[in-house]
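> need a structure here:
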Amino acid sequence: MKITAIDTCLLSVPTPKPMALQYPQHKLVVAEIVTDEGLRGLGYSLVFNGGGAEAVLTYLDTRLKPALIGEDPLFVERLWEKMFRVDMGIKKQGIAAYALSALDIGLWDIAGKAAKLPLYKLWGAVSERIGAYGSGGWAKYSVDELVAEAEKYAALGCKYYKMKIHHPDPAVNASRVAAVKKALGSGVRMMVDVNQGRDVIGNQQQARLLEEFDLVWYEEPVLADDYDSYAEVSRSIRIPIAAGENHYTRWEFKQLFDRKAVQYAMPDVCRANGFSETLRIGKLAAANGVALTPHLIHEVAIHVVGALSNGFLVEFMDWAPPDLFVELPECKDGAIRIPDRPGHGMALAPKAIDKYRSR
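Okay, the predicted model is just below:
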């Protein structure tokens, strides 16, 4: 089997309210890998809020795509190494990692289709039903909007809900958490996300005000590159730390694990150099006693969690319009059943490209 073409495009997809108050659109960098035997693999990277998506597409088209044409798509590991080493002067983080991720996802989609297996079974399944947590709670939401969103996810059976704590006043953040917790009651546990917004002292002050809520985790307390501060926050607060959406390789996660800085690892399949590297990160997390709970793209992340024994939850952010994908895996009773379709099981809706294409 040989790769004969890779068709690419950029989709700009509007978000629903209340998410649109914070982020009016997301962008998908799409790559469909075509083979001479008729198998096609869909790869895509979700660029949250769209920033830099055009650069991702350009790097994919000009640097990575030529490296795959004519190759056998079933040699996924070899092709991952080839793409990772195309430009040794460019670290595979950010833009380059998003681009590599889209192609790696597409290669694995072909591998699963060739084997006639969903990916989690191809990798060695541990579970076909993955717990999901409702996610959102943006800073621009009113308290009423926060509560309404949390209750929406609770109505789907989600036993967990995550919200942002972005206000400069720690007491305001604590009051918003308290309002949501009161509305949800004891049946739903909560997480909070700092999004790299505070220094060590600021996180210590904030965490003290949140201890009473028995939070599952406290996410991204400091800048992603500041590993020592991660470790200091982890040592000095009484809430477990989650991080990883802005770490792109196993070596970056090793920095966190070696410092005992996180209890929950959150690689993003569309950022962390695809399925291949996310699986490596997940296994490294297991070796360090860390649970795996991927960031976003639940529709493909479910395969990683379903294949690893330390898989915990996927992040369920209900933003995609009904005409973007053919069939999104549903959240029922707080969990998502992995489709039995070969590959990752996702396909764009027939008219999605025509409707949402921006490049």
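> does the closest residue to Leu28 other than its chain neighbours belong to a helix or a strand, and which?
In space, and not counting its chain neighbours, Leu28 is closest to Leu11: 4.3 Å by CB to CB, 6 or more residues apart in numbering. Every residue, glycine included, has its C-beta placed from N, CA and C. Element membership for Leu11 (DSSP states H and E) is strand 3-14.
> go on, Val305?
helix 298-307.
> tell me which strands and helices that helix is in contact with?
helix 119-122, strand 129-135, helix 274-287, strand 313-316 (3 or more CB pairs under 8 Å, 6 or more residues apart in numbering; DSSP states H and E).
> quick check: angle from the second one to helix 298-307?
In terms of direction (axes from the mean of the first three to the mean of the last three CA atoms, to 10 degrees), strand 129-135 departs from helix 298-307 by 130 degrees.
> Tell me how far strand 129-135 lies from the chain's centre.
12 Å (CA atoms, centre = their mean, to the nearest Å).
> For that strand, buried residues please.
If you call a residue buried by 16 or more other CB atoms under 10 Å, then strand 129-135 has these buried ones: 130-135.
> Direction included, what does the helix or strand following the strand holding Leu11 pair up with?
Later in the chain than strand 3-14, the nearest helix or strand by DSSP H and E is strand 25-35. Here strand 25-35 has these sheet partners by DSSP bridges: strand 3-14 (antiparallel), strand 40-47 (antiparallel).
> for these, which one ends up most surrounded?
Burial of the strands paired with strand 25-35 is given as mean neighbour count (mean count of other CB atoms under 10 Å); strand 40-47 ranks first at a mean of 24.
> which other helices and strands contact the helix or strand just after that strand?
Using DSSP H and E, the helix or strand that follows strand 40-47 in sequence is helix 53-59. When contacts are defined as 3+ CB pairs under 8 Å, 6+ apart, helix 53-59 packs onto strand 3-14, strand 25-35, strand 40-47, helix 94-115.
> just checking, what packs against the host helix or strand of Asp354?
For Asp354, the host element (DSSP H and E) is helix 352-356. Judged by 3+ CB pairs under 8 Å, 6+ apart, helix 352-356 is in contact with strand 3-14.
> From the rest of the structure, what touches the strand it packs on?
20, 24-36, 50, 53-54, 57, 60-61, 65, 68-73, 103, 106, 320-321, 324, 352-353, 356-359 (CB atoms under 8 Å, 6 or more residues apart in numbering).
> Please check these and keep the buried ones.
Of the contacts of strand 3-14, these count as buried by 16+ other CB under 10 Å: 25-35, 50, 53-54, 57, 60, 65, 68, 73, 103, 106, 320, 324, 352-353, 356.
> my read: Gly94 touches Gly51, true?
No. Gly94 is not in contact with Gly51 according to CB atoms under 8 Å; the separation is 10.5 Å.
> The helix holding Val305 vs helix 274-287, what angle?
40 degrees.
> thinking again about what came up before, Serialize the buried residues of strand 129-135 to TSV and add fields for pLDDT.
Formatted as TSV, the buried residues of strand 129-135 follow (pLDDT from 0 to 100):
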residue	pLDDT
Ile130	98
Gly131	98
Ala132	98
Tyr133	98
Gly134	98
Ser135	97
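> got a markdown table for those, with distance to Leu284 too?
Listed next are those as a markdown table, based on distance: CB to CB, whole Å:
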| residue | distance to Leu284 |
| --- | --- |
| Ile130 | 20 |
| Gly131 | 22 |
| Ala132 | 24 |
| Tyr133 | 23 |
| Gly134 | 28 |
| Ser135 | 24 |
